[in-house]
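Chemist: Take a look and give me a structure for this.
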Amino acid sequence: MSPNAPFEPLRCAVVGLGSIGRDHAAILDALPETELVVGCDLDPTRRAVLPAEVPFVTEADAVLDRDDVDAVWVCTPQHLHRDLTVAALERGLHVFSEKPIAHSLADADAMIRAAERCSEAVLVVGHTLRFHPDFVVAMEAVAAGQVGVPIQLSARWNTGDHEGTVISGRTTVPLEMAIHDVDILRQIAGEVRSVFAVASTISPCGPGPDAVAGTLEFESGAVASLDHSWIMPSTTGMFSDHRLAVFGDRGTVYVETRPTPAQIFGPDGPAFPNTAYRQANPLIPGGALATADRHFVRTVKHGAPWPLTLADARAALAIALAMDRSIVERRPVEMREIEGER
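Modeler: Have a look, this model is predicted:
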């Protein structure tokens, strides 16, 4: 669509109104460039998260069969992504799929093939750290050579038990949380050769595992450590603890999302980019999730490139699946083992 074409908001549907679907729905209802035309969830009580004027249905087909939907946000549990995404693409609808792209590599490949067949429709996967300004600055600094060759990396993301008590046993820490960071680490250091992960046997939130530690070995020779959980007691008032560090032969990049933003220590000395969000209009949502949603509108309407490819999303899924296998089998897992199961 030409940038000079008459303005028409992208007509959007959200399928799956759990925590992330609820957030997308609120954003799409508030943005001037989108119109939330319908929400869907199997649980009829989720109707309450939608504005009163937005229709609510409990069957996905009731969304896909409407003639006033341009794009679908797939925010369902991971094992439902494939069928819904393929059905939407085959109807010519654009799809924003929440991460992970799917529950298995076979499902991910089916979705990618559907996107290739239905070339008029856009399929993207919402890895929100690709839109977080601190992580964008960190990746740009590495790409610009400010740290030299990445040698040792680390990523930590611990979130509150308000999430863990809901999803423990329904998904895994690698698929829900670590996948964000392994996508960024792979973007920085390249393809992963092998994975080793262990899980705590203490599970305060549910069936568990609720806390995972791991390592990645990259084809480049770099290594990374991972530290992820959803166990932080919400009663403490601290809901997120997120850090990224990249150590190279010329410098270092830090991202610490609690008290300080991105920090770069390169050959030209330290730098502290001002990446803080400024929300000038309180009626327009800000943050990485809203940035991703707005970028998707530009991708659909104007062809703006999405910051990660479907192959990137698939690779992050493969690494998370390797972490899950390593936890179960208590051994390092080569990535070629995961790829050999397709």
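
Chemist: show me where pLDDT drops low in the stretch 51-200 of the chain?
Modeler: Of all residues in the stretch 51-200 of the chain, none has pLDDT under 70.

Chemist: try it again with 90
Modeler: The stretch 51-200 of the chain contains residues with pLDDT under 90 at 162.

Chemist: what are the ranges of the helices in it?
Modeler: 60-64, 81-90, 105-117, 133-143, 161-167, 173, 179-189 (DSSP state H, counting those that start in this stretch).

Chemist: Out of these, indicate the one that is most buried.
Modeler: Sort these by mean neighbour count, taking mean count of other Cβ atoms under 10 Å, and helix 173 sits at the top with a mean of 32. Where you see a C-beta, it was placed from the backbone N, CA and C, and this is true even at glycine.

Chemist: chain center to that helix: distance?
Modeler: 13 Å (Cα atoms, centre = their mean, to the nearest Å).

Chemist: got it, and stretch 73-81?
Modeler: 12 Å.

Chemist: Show me the contact partners of that stretch.
Modeler: Stretch 73-81 has contacts (Cβ atoms under 8 Å, 6 or more residues apart in numbering) with 12-18, 20-21, 24-25, 28, 84-85, 88, 95-98, 100-103, 107, 111, 170-171, 175.

Chemist: Next up, the contacts around the spatially most central residue of the chain.
Modeler: For the chain, the residue sitting closest to the mean C-alpha position, by Cα atoms, centre = their mean, is residue 127 at 2.5 Å. By Cβ under 8 Å, 6+ apart, the residues touching residue 127 are 99, 179-180, 183, 308, 312-313, 316.

Chemist: Equivalent analysis for residue 206, please.
Modeler: 164-165, 167-169.

Chemist: try 6 Å
Modeler: 168-169 (Cβ atoms under 6 Å, 6 or more residues apart in numbering).

Chemist: again with residue 164
Modeler: 205, 210, 230-231.

Chemist: Tell me which of those residues fall in strands.
Modeler: Among the contacts of residue 164, the members found in strands (DSSP state E) are 230-231.

Chemist: between the contacts of residue 164, which is nearest residue 64?
Modeler: residue 230 (32.1 Å; Cβ to Cβ).

Chemist: For the longest helix along the chain, name the packing helices and strands.
Modeler: If you go by DSSP state H, the chain has its longest helix at helix 310-329. Applying 3 or more Cβ pairs under 6 Å, 6 or more residues apart in numbering; DSSP states H and E, one finds that helix 310-329 contacts helix 105-117, helix 179-189, strand 192-199, strand 333-334, helix 335-339.

Chemist: Who are the packing partners of the shortest one?
Modeler: Other elements packing on strand 333-334 under the criterion 3+ Cβ pairs under 6 Å, 6+ apart are helix 310-329.

Chemist: tell me the angle the helix it packs on makes with helix 179-189.
Modeler: In terms of direction (axes from the mean of the first three to the mean of the last three Cα atoms, to 10 degrees), helix 310-329 departs from helix 179-189 by 120 degrees.

Chemist: Give the rounded mean pLDDT of helix 310-329.
Modeler: Helix 310-329 shows a mean pLDDT of 98.

Chemist: so that helix versus helix 105-117, what angle?
Modeler: Going by the same axes, to 10 degrees, helix 310-329 makes 170 degrees with helix 105-117.

Chemist: In PDB, please show the C-alpha coordinates belonging to helix 310-329.
Modeler: Written as PDB, here are the backbone C-alpha positions of helix 310-329 (Å, rounded to 0.1, in the frame of the first residue of the first chain):
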ATOM      1  CA  LEU A 310      10.600 -17.000  10.300                       C
ATOM      2  CA  ALA A 311      13.900 -18.900  10.200                       C
ATOM      3  CA  ASP A 312      15.100 -17.000  13.200                       C
ATOM      4  CA  ALA A 313      11.900 -17.800  15.100                       C
ATOM      5  CA  ARG A 314      12.300 -21.400  14.200                       C
ATOM      6  CA  ALA A 315      15.900 -21.500  15.300                       C
ATOM      7  CA  ALA A 316      15.000 -20.000  18.700                       C
ATOM      8  CA  LEU A 317      12.400 -22.700  19.100                       C
ATOM      9  CA  ALA A 318      14.900 -25.400  18.200                       C
ATOM     10  CA  ILE A 319      17.300 -24.100  20.900                       C
ATOM     11  CA  ALA A 320      14.500 -24.000  23.500                       C
ATOM     12  CA  LEU A 321      13.500 -27.600  22.600                       C
ATOM     13  CA  ALA A 322      17.100 -28.600  23.000                       C
ATOM     14  CA  MET A 323      17.100 -27.100  26.500                       C
ATOM     15  CA  ASP A 324      14.000 -29.100  27.400                       C
ATOM     16  CA  ARG A 325      15.500 -32.300  26.100                       C
ATOM     17  CA  SER A 326      18.800 -31.600  28.000                       C
ATOM     18  CA  ILE A 327      16.800 -31.100  31.200                       C
ATOM     19  CA  VAL A 328      14.900 -34.400  30.800                       C
ATOM     20  CA  GLU A 329      17.900 -36.500  29.700                       C
END
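
Chemist: contacts for that helix?
Modeler: 100-101, 108, 112, 125, 172, 174-175, 179, 182-183, 192, 195-197, 199, 214, 333, 338.
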